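J.: Mind folding the following:
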Amino acid sequence: MAKTALVVGASGIVGSATADLLMREGWTVHGLARRPLEQAGLLPVAADLQDAAATGHALANLRPDAVFITTWLRQDSEAENIRVNSAMVRNLLNALRSGGSTRHVALVTGLKHYLGPFESYGKGALPQTPFREEQPRLDIDNFYYAQEDEVFAAATRDGFGWSVHRPHTVIGKAVGNAMNMGTTLAVYATLCRELGRPFRFPGSAAQWEGLTDMTDARLLAKHLLWAATTPAARDEAFNVVNGDVFRWSWMWQRIAEWFGVEAAPFDGTVQPLETQMAGDAGLWSRIAEREGLTEPDLARLASPWHTDADLGRPIEVVTDMGKSRRLGFTAYQPTDDAFFDLFTQLRADRLIP
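T.: Down below sits the predicted model:
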């Protein structure tokens, strides 16, 4: 395969990590975003995927061999999520059709494939854990399914191969990202340290006591590249997690120690971060000014609603990686180290003090 890639959502957690890896591996990488960020070596493409004509114009001269779709837009209802996000995938793939160069399209979705969309997240009849790729879709509307169907239809029409990647909660760096647990917890711990506020686990007893796993954005990028360049991975859907499992009762203490705060005892009640951090925007702005931080807007760093959704689930969540392992993907990432690497990077980039 020639080495020209289009990373869609290049300014996000997964997209930026994927672009970095591809460039290190010698690929020519175009990064598409509505407002592309400056990234060394990345060829920016500005496009709003909701606008079919504008997308076609922006991509008219691109001839990518591989396309990595790592973006979505959150809407007020699942019906709108389906309408908007399926159209974005459709507009993208229609725009690339005339070039005829695309050999592989990778779509990043997630465990809401098994847990259901935000409107019914973790409720109703769910498949048993560990989640396995052969488990059928839930009998419920889900924008991940709609995105998949757009990719499948275009692949049948245009003859390219595809892969679908279902990470658990992703750990990585991005500013202005809608789903960003790692930075959210870093900001929360910083605020707790500043005020002497208890560092309280915000989620459910099931998450505190049960097993779970997560996905480092760097490992997910490796998985995306592996699937795009491995014939046996063509036309397959994959779970992708770090390879370890942990309990939040252990991880919470590890994070507290890194920030030099004391982990408060967990009393079994859900105490959402969205409530705990509701009045903290002004304080964060003052901390940012005092410490010379680069982002004073708390809303661009923290996504409490998403962290609450993940940590508030009533069931433990463990993900099977057997399918990838059998086909040769063996990368592994300890999740506590993934958090610590992120926190170190956030500090080096002056996003946290």
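
J.: Pull the contacting residues for the closest residue in space to residue 48 that isn't next to it in sequence.
T.: Using CB to CB, 6 or more residues apart in numbering and skipping the chain neighbours, the partner closest in space to residue 48 is residue 34 (5.3 Å). Placement of C-beta: from N, CA and C, glycine included. Neighbouring residues of residue 34 by CB atoms under 8 Å, 6 or more residues apart in numbering: 46, 47, 48.

J.: of the residues you listed, buried ones?
T.: residue 47 (16 or more other CB atoms under 10 Å).

J.: What pLDDT is listed against the residue nearest to residue 48?
T.: We have a pLDDT of 90 for residue 34.

J.: of the contacts of residue 34, closest to residue 76?
T.: Closest to residue 76 out of those is residue 48 (18.7 Å), distances taken as CB to CB.

J.: wait, what's in contact with the closest one?
T.: Neighbouring residues of residue 48 by CB under 8 Å, 6+ apart: 34, 54, 55.

J.: Among those residues, which ones are in helices?
T.: Using DSSP state H, the subset of these located in helices is 54, 55.

J.: quick one: which of the contacts of residue 48 is nearest to residue 296?
T.: For the contacts of residue 48, the minimum distance to residue 296 (CB to CB) is 22.3 Å, reached by residue 34.

J.: Could you check how far that closest one is from residue 58?
T.: 11 Å (CB to CB, to the nearest Å).

J.: Mind listing the shared neighbours of the two?
T.: With CB under 8 Å, 6+ apart as the test, residue 34 and residue 58 both reach 46, 47.

J.: now the stretch 101-250 of the chain, which segments are flagged as low pLDDT?
T.: 121-124 (pLDDT under 70).

J.: quick one on the thing from earlier: from the contacts of residue 48, which is closest to residue 286?
T.: Closest approach to residue 286 among the contacts of residue 48 (CB to CB): residue 34, at 30.5 Å.

J.: what's the distance between that closest one and residue 348?
T.: 27 Å.

J.: ditto for residue 157
T.: Taking CB to CB, one finds residue 157 at 46 Å from residue 348.

J.: Likewise for residue 212?
T.: From residue 212 to residue 348 the distance is 28 Å (CB to CB).

J.: One more: residue 33?
T.: Applying CB to CB, the value for residue 33 to residue 348 is 23 Å.

J.: who's more crowded, those two?
T.: More crowded of residue 33 and residue 348, by other CB atoms under 10 Å: residue 33, with 21 against 9.

J.: Would you mind confirming that the more buried one makes contact with residue 6?
T.: No - with contacts counted by CB atoms under 8 Å, residue 33 stays clear of residue 6, the gap being 11.3 Å.

J.: Next, show the common contact partners of the two.
T.: Between them, residue 33 and residue 6 share the contacting residues residue 45, judged by CB under 8 Å, 6+ apart.

J.: The stretch 101-250 of the chain: helices as residue ranges?
T.: 112-115, 143-158, 181-195, 205-209, 217-229, 248-259 (DSSP state H, counting those that start in this stretch).

J.: can those helices go into TSV with extra columns for mean neighbour count?
T.: Output for the helices of the stretch 101-250 of the chain, formatted as TSV (neighbours: other CB atoms under 10 Å):
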stretch	mean neighbour count
helix 112-115	22
helix 143-158	18
helix 181-195	22
helix 205-209	17
helix 217-229	23
helix 248-259	17
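
J.: Ok, which of the ones you listed comes nearest residue 294?
T.: Here helix 181-195 is closest among the helices of the stretch 101-250 of the chain (CB to CB), at 12.7 Å.

J.: which residues sit against that closest one?
T.: 169-174, 177, 197-199, 255-256, 258-261, 273, 276-277, 280, 283-284, 287, 298, 301-304, 306-307, 310, 338-339, 342-343, 346, 351-353.

J.: Show only the entries of those found in strands.
T.: Counting by DSSP state E, the part of the contacts of helix 181-195 found in strands is 170, 171.

J.: Any of the contacts of helix 181-195 buried? List them.
T.: By 16+ other CB under 10 Å, the contacts of helix 181-195 give 169-174, 177, 199, 255-256, 259, 261, 273, 276-277, 280, 284, 287, 298, 301-304, 306-307, 310, 338-339, 342-343, 346, 351-352 as buried.

J.: on that earlier part again, quick one: which of the contacts of residue 48 is nearest to residue 72?
T.: residue 34 (12.4 Å).

J.: Relative to residue 327, how far out is that closest one?
T.: Distance, residue 34 to residue 327, by CB to CB: 35 Å.

J.: which phi and psi does residue 103 have?
T.: phi -110, psi -20 (degrees, to the nearest 10).

J.: wait, what's in contact with it?
T.: Residue 103 sits in contact with 1, 65, 66, 160, 161, where contact means CB under 8 Å, 6+ apart.

J.: Next: residue 141.
T.: 78, 79, 82, 117.

J.: a helix runs through the third one, doesn't it?
T.: Yes - when classified by DSSP: H, G, I helix; E, B strand; the rest coil, residue 82 is found to be part of a helix.

J.: how close does it get to residue 276?
T.: For residue 82, the distance to residue 276 - CB to CB - is 32 Å.

J.: and if you look at the last one?
T.: According to CB to CB, residue 117 stands 25 Å off from residue 276.
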